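# Generate coordinates for the sequence data below:
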Amino acid sequence: MKTIKKVLEPKFKWGIAGLGNFAVHSVIPAIKGIRRAKITAIFSHSFERAKEVAGLFSIKEYYDDFEKFLSSDFDAVYIASANQYHYEQVILAARAGKHIICEKPLALNSQQAEEMIKVCEENNVKLSVGYVQRFHPLTRKAKEMIDAGLIGQPVIINVSQSFDYPPNQNFRYQKENGGGALRDVGTHCIDLLRFFGGEIEYVEGYLDNVIYKSEVDDFVTATCKFKDGGYGNFYASFCIGKPINRIEIVGYKGTIIIENLIGRRFDYAKLTIQKVDETKKAFRMKANKIQNLIKNFQRALFGDEQLLVSGYDGLINLKLIEEIERSAAQKRIS
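Residues are numbered from 1 along each chain as shown. As a prediction, the model looks like this:
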């Protein structure tokens, strides 16, 4: 009897740029947990940090020179660098022919984001953004319920996502480097509002330093109107010690609530649906959202799935951030 050998597909090769806590504790373990993925090279501005992380995860190639890093053999790069490096690193990676997932926000401003998207398109590379909240199965299930009309026309969508993050030397507390609660946490809220409610035609908001006095906002709240009808609200902050992270989608025929979506890593999130004249139903599920983002990206490259988050989502999000910042500034002046 002849032995039939199973031919395995080659692993999809990743490079990681930026080796902060998020990359080390979330991105790298997520990729290493995907059977058909492999990290072949990493980059940090600190050679010692690159060497340390390479040793920790048994990664052969590590660099403190970004162009040398891009010359290494990998298919796509996850850019987990600080906000101020996104623009340059995305453009250089695109010109090197690497597909890209970039952390949020995509850039420091919408003008940079437009150029980044253009360069990616010119070089035929895919660009996605790290809006991981879309990738929890309960988030996707809620979207399916809305699209199927199970709760009727959404009237109001409320999103709250906060944590306690005292001032420090991190870029999140540096105004010129895109810091602040709006750009760090609020950007996820904006993405969820768009994901559930569709495109936004009008938004205004407030930025403040409620608890922590620094050069960036520790709290943001905003209200929007959706083009297809209904309204949305969100608040996000660096200054709430025991937050209630929650999404409420209130429709004509019922309400969907998602809780603990950004709780402790891999905790169970909870979805509750209450329809008119029906008993309440609840579902619990835990998931690795970052891993789901990466899997979707790989499958989209091979045409097996639609890319769930594109560079254009990052651009639209930045334009809405800028509108909120303008409206908040006008309120301070008046």
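
# does Val77 count as helix, strand or coil?
Assigned by DSSP: H, G, I helix; E, B strand; the rest coil, the conformation of Val77 is strand.

# ugh, wrong one, I meant Asp73
coil.

# Show the contacting residues for it.
By CB atoms under 8 Å, 6 or more residues apart in numbering, the contact set of Asp73 is Lys13, Thr40, Ala41. For every residue, glycine as well, the C-beta is placed using N, CA and C.

# try 7 Å this time
With contacts defined as CB atoms under 7 Å, 6 or more residues apart in numbering, Asp73 is in contact with Lys13, Thr40.

# what number of residues lie near Gln89?
21 (other CB atoms under 10 Å).

# hey, what's the residue nearest to Ile244 when sequence neighbours are not counted bridged with?
Using CB to CB, 6 or more residues apart in numbering and skipping the chain neighbours, the partner closest in space to Ile244 is Ser160 (6.3 Å). Beta-bridge partners for Ser160, by DSSP bridges, are Tyr235, Arg246.

# where does the chain have low pLDDT?
The chain contains residues with pLDDT under 70 at 1-9, 263-266, 333-334.

# How is it divided into domains?
For the chain, the structural domains run 12-130, 133-333, going by automatic domain parsing.

# show me where the stretch 1-150 of the chain has strands.
All strands of the stretch 1-150 of the chain, identified by DSSP state E, counting those that start in this stretch, fall at 12-17, 37-43, 61-63, 76-79, 99-102, 127-129.

# Now render those strands as TSV, adding distance to Gln174 and mean neighbour count.
Below are these laid out as TSV (distance: least, CB to CB, whole Å; neighbours: other CB atoms under 10 Å):
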stretch	distance to Gln174	mean neighbour count
strand 12-17	19	24
strand 37-43	21	22
strand 61-63	25	20
strand 76-79	18	26
strand 99-102	19	25
strand 127-129	21	27
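
# And the ones you listed: which comes nearest Leu301?
Of all the strands of the stretch 1-150 of the chain, it is strand 99-102 that lies closest to Leu301, at 6.1 Å by CB to CB.

# roughly how far is the closest one from the heart of the chain?
12 Å (CA atoms, centre = their mean, to the nearest Å).

# One more: stretch 143-158?
Computed by CA atoms, centre = their mean, the chain-centroid distance of stretch 143-158 equals 22 Å.

# which residue sits closest to the spatially most central residue of the chain, ignoring its sequence neighbours?
Centroid-nearest residue in the chain, with CA atoms, centre = their mean: Tyr131, separated by 2.0 Å. Excluding its sequence neighbours, the residue lying closest to Tyr131 (CB to CB, 6+ apart) is Asp191, at 4.4 Å.

# quick one, what contacts that neighbour?
Tyr131, Gln133, Arg134, Asp313, Asn317.

# So which of those are in helices?
Asp313, Asn317 (DSSP state H).

# Neighbour-wise, which one of the contacts of Asp191 leads?
When the contacts of Asp191 are compared by neighbour count (other CB under 10 Å), Asn317 ends up highest, at 28 neighbours.

# pretty sure it contacts Gly186?
No. Between Asn317 and Gly186 there is no contact under CB atoms under 7 Å: 9.5 Å.

# sorry, back to before: can you put the strands of the stretch 1-150 of the chain in TSV and add distance to Phe283?
Shown next, in TSV, are the strands of the stretch 1-150 of the chain (distance: least, CB to CB, whole Å):
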stretch	distance to Phe283
strand 12-17	31
strand 37-43	29
strand 61-63	42
strand 76-79	30
strand 99-102	28
strand 127-129	27
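
# Relative to Asp73, how far out is the closest residue to Tyr87 other than its chain neighbours?
Spatial nearest neighbour of Tyr87, excluding adjacent residues (CB to CB, 6+ apart): Gln112 at 4.4 Å. Counting by CB to CB, to the nearest Å, the separation of Gln112 from Asp73 is 28 Å.

# Grab the nearest non-local neighbour of Ala76.
His99 (3.9 Å).

# what's the neighbour count on the nearest residue to Gly229 once chain neighbours are set aside?
Distances taken as CB to CB, 6+ apart put Gln153 closest to Gly229, at 6.2 Å, once the chain neighbours are dropped. The number of residues packed around Gln153, counting by other CB under 10 Å, is 12.

# ok, Ile146 to Pro154 distance?
6 Å.

# got any residues that touch both of the two?
Taking CB under 7 Å, 6+ apart as the contact criterion, the common neighbours of Ile146 and Pro154 are Phe196, Ile249.

# show me the residues around the nearest residue to Leu108 once chain neighbours are set aside that make contact.
Nearest in space to Leu108, with sequence neighbours left out and distances taken as CB to CB, 6+ apart, is Gly178 at 4.9 Å. With contact set as CB under 7 Å, 6+ apart, Gly178 has these partners: Asn83, Gln84, Pro105, Leu108.
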